[in-house]
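need a 3D model of the sequence below.
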Amino acid sequence: MKRRSVNEFVDDLQKRARYTFARTEAEAALKLERAALTKGLQRLQRAGRICMIRRGFYVIVPLEYATGGIVPPDWFIDDLMKFLEQPYYVGVLTAAGLHGASHQQPQEYQVVVARPERPIRTANLKLRFFPKKSMAQAPVERVKAYTGMLPVSSPAVTALDLVRFAPAIGGLDTVLTVLGELVEKITPEDLLNAAQQESERSQVQRLGWLLERTKGRELAEGLAQWLAKQKPTKTPLDVSAPAAGGRKDPRWQVIVNAEPQCDT
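Numbering: from 1, shown residues only. Predicted coordinates for the structure are as follows:
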């Protein structure tokens, strides 16, 4: 039987609507010598037929995406995270956009993971990973993507993550702006569930304070009642700014050391 080439291997995967593969999979399927396989993969990379985004992990690029050099991240993110053996969900600004809060479209695809992971940066791809130890307890939704279903943080978890990662996504001005749109998708049940699962009570306090400055005042009322029973301690609103001199908000036990503005 004629031995398949690397090119035929890649074509066969795409015919089966597969757009990723690991080098180990190619090794097992083709039985080529290591040098021959490396040369074949490099040739396809130079031709723009495949793109290696992590050592040993490749994304297949169909002809219609050849100009951009890569397919959309939601085509391969699930396979990539399995390859990296990382639990994950699509989150932060990317999740906010999927929930309809599109005012601040990120220039990168944002994923919440259990352990720190290096970002992926190529000419046409930006993947950013946000480590969160308690991510496994966060309520998620399954959202249909081109190649399957993806775990996406619920609207309320997304809101909490926006607060948690505020310094990395543009600060509290960005958070307040996105919350103004996202709040329409948050239900009281989702918010309370997310708050109960949140490992850092301070994030709930900050979110409550911010929600009161959006159309989410009714949501904030229920959250405040629950939070009062938890007896929270004082926490600064902006973790990246000095807390000294900030006034104390007794409802949320927040030291108001910033005055975020909505960019609308």
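
run through this structure and note the low-pLDDT ranges.
Along the chain, segments meeting pLDDT under 70 span 1-3, 103-104, 264.

mind doing that once more with 50?
For the chain, the stretches flagged by pLDDT under 50 are 1.

ok, residue 240 touching residue 169?
No. Applying Cβ atoms under 8 Å as the test, residue 240 and residue 169 come out as separate, 11.9 Å apart. Every C-beta, even on glycine, is put in place using the N, C-alpha and C of the backbone.

more neighbours: these two, which one.
residue 169 (22 against 12; other Cβ atoms under 10 Å).

which non-adjacent residue is nearest that one?
residue 93 (5.9 Å; Cβ to Cβ, 6 or more residues apart in numbering).

ok, that neighbour - contacts?
Neighbouring residues of residue 93 by Cβ atoms under 8 Å, 6 or more residues apart in numbering: 104-106, 110, 162, 169, 178.

please enumerate the strands of the stretch 51-200 of the chain.
Under the criterion DSSP state E, counting those that start in this stretch, strands of the stretch 51-200 of the chain are mapped to 57-60, 88-90, 109-113, 120-121, 126-131, 140-145, 148-153.

same list, the ones you listed, but as TSV with distance to residue 252 please.
Putting these into TSV (distance: least, Cβ to Cβ, whole Å) gives the following:
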stretch	distance to residue 252
strand 57-60	44
strand 88-90	27
strand 109-113	24
strand 120-121	37
strand 126-131	24
strand 140-145	26
strand 148-153	22
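
now render these as JSON lines, adding distance to residue 217 and mean neighbour count.
Below are those laid out as JSON lines (distance: least, Cβ to Cβ, whole Å; neighbours: other Cβ atoms under 10 Å):
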{"stretch": "strand 57-60", "distance to residue 217": "45", "mean neighbour count": "22"}
{"stretch": "strand 88-90", "distance to residue 217": "28", "mean neighbour count": "25"}
{"stretch": "strand 109-113", "distance to residue 217": "27", "mean neighbour count": "22"}
{"stretch": "strand 120-121", "distance to residue 217": "39", "mean neighbour count": "14"}
{"stretch": "strand 126-131", "distance to residue 217": "28", "mean neighbour count": "18"}
{"stretch": "strand 140-145", "distance to residue 217": "25", "mean neighbour count": "15"}
{"stretch": "strand 148-153", "distance to residue 217": "23", "mean neighbour count": "20"}
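
how many other residues sit next to the closest residue to residue 233 other than its chain neighbours?
Nearest non-adjacent residue to residue 233, counting by Cβ to Cβ, 6+ apart: residue 253, 6.4 Å away. Residues within reach of residue 253, counting by other Cβ under 10 Å, total 20.
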